[in-house]
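Student: Here's a sequence, model it:
(one chain, ligands or ions: 4)
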Amino acid sequence: HSVAVLGAPFSKGQKKRGVEHGPKVIRDAGLMERLSNFDFSVHDFGDLNFQHLEEDEPYMDVKFPRTVGAANKKLSAAVRNAVSAGHTLLMLGGDHSLAVGSVSGHAQHSPDLCLIWVDAHADINTPMTSPSGNLHGQPVAFMLKELQDKMPDIPGFSWTKPFLSSRDLVYIGLRDVDPGEYQFLKSFGIQYFTMRDIDRLGIQRVMEVTFDHLLARKQRPIHLSFDIDAFDPSLAPATGTPVNGGLTYREGIYIAEEIHNTGTDHYSYGFHFLWSFLDFLKVFDCLAFESNLSSSWCAGLLSVMDMVEVNPDLGASPEAVEATATLAVDVIASSLGQTREG
Ligand SMILES: N[C@](CCCC[B-](O)(O)O)(CCN1CCCCC1)C(=O)O
Ligand SMILES: [Mn+2]
Ligand SMILES: [Mn+2]
Ligand SMILES: [Mn+2]
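Tutor: Numbers count the residues shown, from 1 in each chain. Ligands and ions are numbered 1, 2, ... in the order given. Coordinates of the predicted model:
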């Protein structure tokens with residue numbers, strides 16, 4: 001299979017300058033070099049260029065609605081085209097408002113997709129519940145069918161149509177959820193794992209429950225929307241809304257590795273005891289075929305991945321920026337098949 005890389009240098013979903021340079025610093029951290037180590041082909045689609053609209057007054061306190069709406073309309077077409085061409089698509093942000101275009105473009109090709117949202121935040125505010133008016137805290141609200149009667153007609157977003165059911169979404173890493181968002185999570189019964197849940201259950205169990213929830217009934221394409229602020233700020237300081245107590249390096253990489261490992265029979269869900277027993281037997285090397293089988297099979301179910309909110313202007317030093325960008329590349333590489341075992 002092939003991977004396409006698309007940069008989305010966009011920042012108007014929030015107020016801090018610099019996140020529009022996210023695609024550049026992620027590439028400068030060696031992204032394309034790291035991707036060339038895999039056996040799949042890599043296509044660089046370059047960066048989208050977004051026009052800044054002159055007249056773009058706030059709407060119900062929502063900032064830059066027409067600019068954000070237009071950018072996402074353009075992004076959704078690019079994502080739909082890339083997925084339709086058979087690529088696994090990697091979208092480099094840019095702020096998280098870009099998920100509106102990325103996920104809806106993906107859903108136009110794959111309406112049965114499921115969404116894994118790795119983030120300190122739920123990003124499910126409506127214009128009425130948003131404490132900031134920043135659209136990077138609202139993308140999920142544009143996607144959910146259950147929220148469509150609570151969403152006003154925002155200028156610039158008339159092209160959008162809700163496409164996602166709450167049961168097809170799982171959050172991992174939450175630790176800064178606004179009151180209105182919490183109400184939606186509870187009333188729609190959305191599956192989520194906070195950092196406390198990760199402390200209690202451990203990341204292996206979190207991923208098992210996530211895949212049982214999303215894939216046990218049937219396998220389908222995964223959209224992974226990864227906000228770098230899911231990591232602890234000590235690991236990812238160069239980002240706009242850091243929150244203490246985030247993912248460790250190993251937890252973040254494990255999430256990515258497990259997403260890569262979906263899609264083979266090796267992981268027919270609900271039979272963990274069997275697979276862990278087979279893994280145990282593997283140590284006697286009597287099941288070598290099993291690992292070869294899964295490695296040949298593992299295209300993985302990942303179809304589109306967003307990597308967003310890397311902001312080079314917010315690192316305290318060049319080293320801090322480099323560390324944040326390199327972490328983003330590590331997560332991307334692990335999602336696409338890089339392993340820690342060789
Ligand atoms: N939930 C917030 C933050 C959104 C972050 C967007 B992301 O995840 O893409 O980076 C507001 C969070 N909270 C408001 C009260 C004071 C502390 C921050 C919002 O503005 O909606
Ligand atoms: Mn966030
Ligand atoms: Mn986010
Ligand atoms: Mn693999």
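Student: how about the nearest residue to the residue of the stretch 101-250 of the chain found nearest ligand 1, chain neighbours excluded?
Tutor: The minimum distance from the stretch 101-250 of the chain to ligand 1, using CB to the nearest ligand atom, falls at G137 (2.2 Å). Every residue, glycine included, has its C-beta placed from N, CA and C. The spatially closest residue to G137, leaving aside those adjacent along the chain, is N125, at 4.9 Å (CB to CB, 6 or more residues apart in numbering).
Student: what's the spacing between that neighbour and G105?
Tutor: 22 Å (CB to CB, to the nearest Å).
Student: Check A85 too.
Tutor: Using CB to CB, A85 is found at 12 Å from G105.
Student: Between the two, point out the one with more neighbours.
Tutor: G105 (27 against 12; other CB atoms under 10 Å).
Student: so where's this structure shaky on pLDDT?
Tutor: Across the chain, residues meeting the criterion (pLDDT under 70) sit at 264-299.
Student: Spell out which parts of it neighbour ligand 2.
Tutor: 119-121, 227, 229 (CB under 5 Å from the ion).
Student: can I get those in a markdown table with neighbour count, distance to E146 and secondary structure?
Tutor: Converted to a markdown table, those look like this (neighbours: other CB atoms under 10 Å; distance: CB to CB, whole Å; DSSP: H, G, I helix; E, B strand; the rest coil):
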| residue | neighbour count | distance to E146 | secondary structure |
| --- | --- | --- | --- |
| D119 | 26 | 19 | coil |
| A120 | 29 | 23 | coil |
| H121 | 25 | 19 | coil |
| D227 | 27 | 22 | strand |
| D229 | 29 | 25 | helix |
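Student: From the residues you listed, pick the one nearest R175.
Tutor: Nearest to R175, judged by CB to CB, of the residues of the chain next to ligand 2 is A120 at 5.2 Å.
Student: residues in contact with the residue nearest to that closest one when sequence neighbours are not counted?
Tutor: Closest residue to A120 apart from its sequence neighbours, by CB to CB, 6+ apart: V243 at 4.3 Å. For V243, the contact set (CB atoms under 8 Å, 6 or more residues apart in numbering) comprises 120-121, 175-176, 229, 233.
Student: Check L31 too.
Tutor: Per CB under 8 Å, 6+ apart, neighbours of L31: 5, 92, 329, 332.
Student: Could you measure from the second one over to ligand 4?
Tutor: So that's L92. Using CB to the ion, to the nearest Å, L92 is found at 22 Å from ligand 4.
Student: Number of residues surrounding whatever residue of the stretch 101-250 of the chain ends up closest to ligand 4?
Tutor: As assessed by CB to the ion, ligand 4 sits closest to I222 within the stretch 101-250 of the chain, at 14.4 Å. The number of residues packed near I222 is 25, by other CB under 10 Å.
Student: Equivalent analysis for M195, please.
Tutor: 21.
Student: go on, the one 3 residues further on?
Tutor: Residue neighbour count, defined by other CB under 10 Å, stands at 21 for I198.
Student: Kindly report the same for the one 10 residues further on.
Tutor: Other residues near E208 come to 17 when the count uses other CB under 10 Å.
Student: contact partners of the helix or strand where it lies?
Tutor: Using DSSP states H and E, E208 sits in helix 203-215. The set of residues external to helix 203-215 that reach it, using CB under 8 Å, 6+ apart, is 114, 116, 167-168, 170, 172, 191, 193, 197-198, 201, 220, 222, 250-251, 254-255, 258, 262, 267, 269-270, 272, 301.
Student: Filter those residues down to the buried ones.
Tutor: Buried subset of the contacts of helix 203-215 (neighbour count, 16 or more other CB atoms under 10 Å): 114, 116, 168, 170, 172, 191, 193, 197-198, 220, 222, 251, 254-255, 258, 262, 267, 269, 272, 301.
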